[in-house]
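In: output the structure for:
(one chain, ligands or ions: 2)
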Amino acid sequence: MRPRTRPAARAETRLDGIIAAAFGRHYEVDTPAGRLQCYPRGKKSSFACGDVVEILPGGDGQGVIAALKPRRNLLWRSDAFREKLIAANLSHIVIVVATEPGFSDLLVSRCIAAAESQEITPLIVLNKADLADRLTAARAQLAPFRALGYEVLEVSALDGAARLRARLSGLHAILVGQSGMGKSTLTNALIPEARAATREISAALDSGKHTTTFARLYPLPPATDAALPGWLIDSPGLQVFGLAHLSHDELAEAFLELRPHLGHCRFRDCRHEAEPGCALLAAVASGAIHPRRWEHFRTIRSEIDQARRLNPGW
Ligand SMILES: Nc1nc2c(ncn2[C@@H]2O[C@H](COP(=O)(O)OP(=O)(O)OP(=O)(O)O)[C@@H](O)[C@H]2O)c(=O)[nH]1
Ligand SMILES: [Zn+2]
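Out: Ligands and ions are numbered 1, 2, ... in the order given. Reported below is the predicted structural model:
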């Protein structure tokens, strides 16, 4: 007699997808079956652009997010009271500065520290390289970063940013930069649909008043047939990542040039302020640590202290 078997439960069709945009509890997810409007299964949801998820498609272009694949890293911003996911699974943080107007090198250090703390590679883009008379000064300001081995790519958004486009091929990157650096011009050159998408979102939210601060992921075409496709996250309004979630030790580790000196101070609980036998202060004095970068480290560290004072729960 043939054994009676129950008909196999119909396997749930699951699709792998990538979070392309997050609006509260509503997510846009790019899947092999196209872009789906998705909602998380449970009450709590915290997915970020770049997260890889499993979707149960529900028809009508909708779906349910059933599972999150392990993240390679997660970038978030934090201040004393809030934290917000920004992006996941990044290979690179692209920090846009320009020859004109002046830029904050502290902001560059901050972005690099955020990147290093999550094992993401920083890439500094010096835009408006066409403004030749300002180039020398900008290069000098970036010299301490170059000396540490950080890549600096000089581009001009006006010529279509061809060099940056080629460099980004196959990467999973997010663009950050302070206002006026030409980030919007660059984004629009790299991803023509970005401009339209931003407008659409504002219209959908009926917002003249909301400034669009939604991160959105855009696929980037591969540079060659053999290259892997990459993606770029544009995050309008994102100028900086608060680092309130880092401990002092984590911050120090996020400054590459401090690493070889950590743990070599005379006192184990050295605060590297004025203690005798401080290995970091000795490295600053000998020039092994650039004074500018040391200043940045100290500034960010005191901000972390301040956030902790405001909210001891950190
Ligand atoms: N000469 C030159 N000007 C540029 C370049 N890229 C951008 N600009 C100009 O710089 C100004 C600022 O550019 P935006 O793209 O609006 O700058 P942004 O960083 O997005 O600034 P926000 O919109 O304020 O965030 C504009 O007038 C651009 O035309 C460049 O490569 N060369
Ligand atoms: Zn010390």
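
In: how about the residues of the protein near ligand 1?
Out: Residues of the chain found near ligand 1 (C-beta under 6 Å from any ligand atom) are 127-128, 130-131, 156-158, 177, 179-185. Quick note: C-beta positions are derived from backbone N, CA and C, even for glycine.

In: could you rerun that using 8 Å?
Out: Residues of the chain lying close to ligand 1 by C-beta under 8 Å from any ligand atom are 96, 98-100, 127-131, 155-159, 161, 177-188, 236-237, 239.

In: if any of those are buried, give me the PyMOL selection for them.
Out: Of the residues of the chain next to ligand 1, the buried ones can be selected in PyMOL as follows, counting by 16 or more other C-beta atoms under 10 Å:
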select buried, resi 96+98+99+100+127+128+129+155+156+157+161+177+178+181+182+183+184+185+186+187+188+236+239
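
In: you'd agree P32 is up against L15?
Out: Yes - using C-beta atoms under 8 Å, P32 is in contact with L15, at 6.3 Å.

In: mind checking how far the closest residue to ligand 2 within the stretch 101-250 of the chain is from R292?
Out: Nearest residue of the stretch 101-250 of the chain to ligand 2: H248, at 11.1 Å (C-beta to the ion). Distance of H248 to R292, given as C-beta to C-beta, to the nearest Å: 20 Å.

In: same thing with A129?
Out: For A129 relative to R292 (C-beta to C-beta), the value is 22 Å.

In: give the closest residue to the residue of the stretch 101-250 of the chain closest to ligand 2 in space, chain neighbours not counted.
Out: R301 (6.2 Å; C-beta to C-beta, 6 or more residues apart in numbering).

In: could you give the number of residues near the one you found?
Out: By the criterion of other C-beta atoms under 10 Å, R301 has 18 neighbours.

In: do the one 10 residues further on as well
Out: Using other C-beta under 10 Å as the criterion, N311 is surrounded by 13 other residues.
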